[in-house]
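**Q** just need the structure, nothing else, for what follows:
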Amino acid sequence: MRLLHLLVICALVFAAAYVYRVKMESTVRTEQVMKLRHDIRENRNAIAALRAEWARLESPGRLQGLVERHLTLKPLEATQYEHLKNLPERPPQLVKPNDPDPIATMIETIEDVDRDVVTGAVPKPQGGRR
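**A** This next block holds a predicted model:
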């Protein structure tokens, strides 16, 4: 009988220790959740403050004041626009439709000139590695 009592007491001690461990883990996790919620709240407040600052910085009245202070622009008038018939003729095409691309030709020529050069001034090593 004493052995049975001893086993029950040991089981109760182990159960109490297990429950205590579970309680401590849940307390730690609850504290982590509370910290994360606090961080989220702080970040949301920072985002709201930054959005308010952005709205203030891009407000039309402020931008207009900066433009008037720093730029010498004049208001646009309707008489500044020109009719399409008064525009100059389109310049002649320098490259005909069936001709090869001149830029690609120049690049190919540069690549063909010196294939032994690794970079602009460093020659390719002879025989082996450096």
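
**Q** just for the protein, where's the confidence low?
**A** Along the chain, segments meeting pLDDT under 70 span 111-130.

**Q** could you say which helix or strand holds the residue nearest to the spatial centre of the chain?
**A** Closest residue to the average C-alpha location of the chain: I47 at 16.4 Å, with C-alpha atoms, centre = their mean. Assigned by DSSP states H and E, I47 belongs to helix 2-57.

**Q** after that helix, which helix or strand is next?
**A** Per DSSP H and E, helix 2-57 leads on to helix 60-70 as the next helix or strand towards the C-terminus.

**Q** right, and the helix or strand after that following helix?
**A** Using DSSP H and E, the first helix or strand after helix 60-70 is helix 102-113.

**Q** contacts for that next one next, please.
**A** Outside helix 102-113, the residues within contact range by C-beta atoms under 8 Å, 6 or more residues apart in numbering are V95. Every residue, glycine included, has its C-beta placed from N, CA and C.

**Q** show me how far it is from its chain's centre.
**A** Mean C-alpha position of helix 102-113 versus that of the full chain (C-alpha atoms, centre = their mean, to the nearest Å) differs by 36 Å.

**Q** since that was my last question, I'll sign off now.
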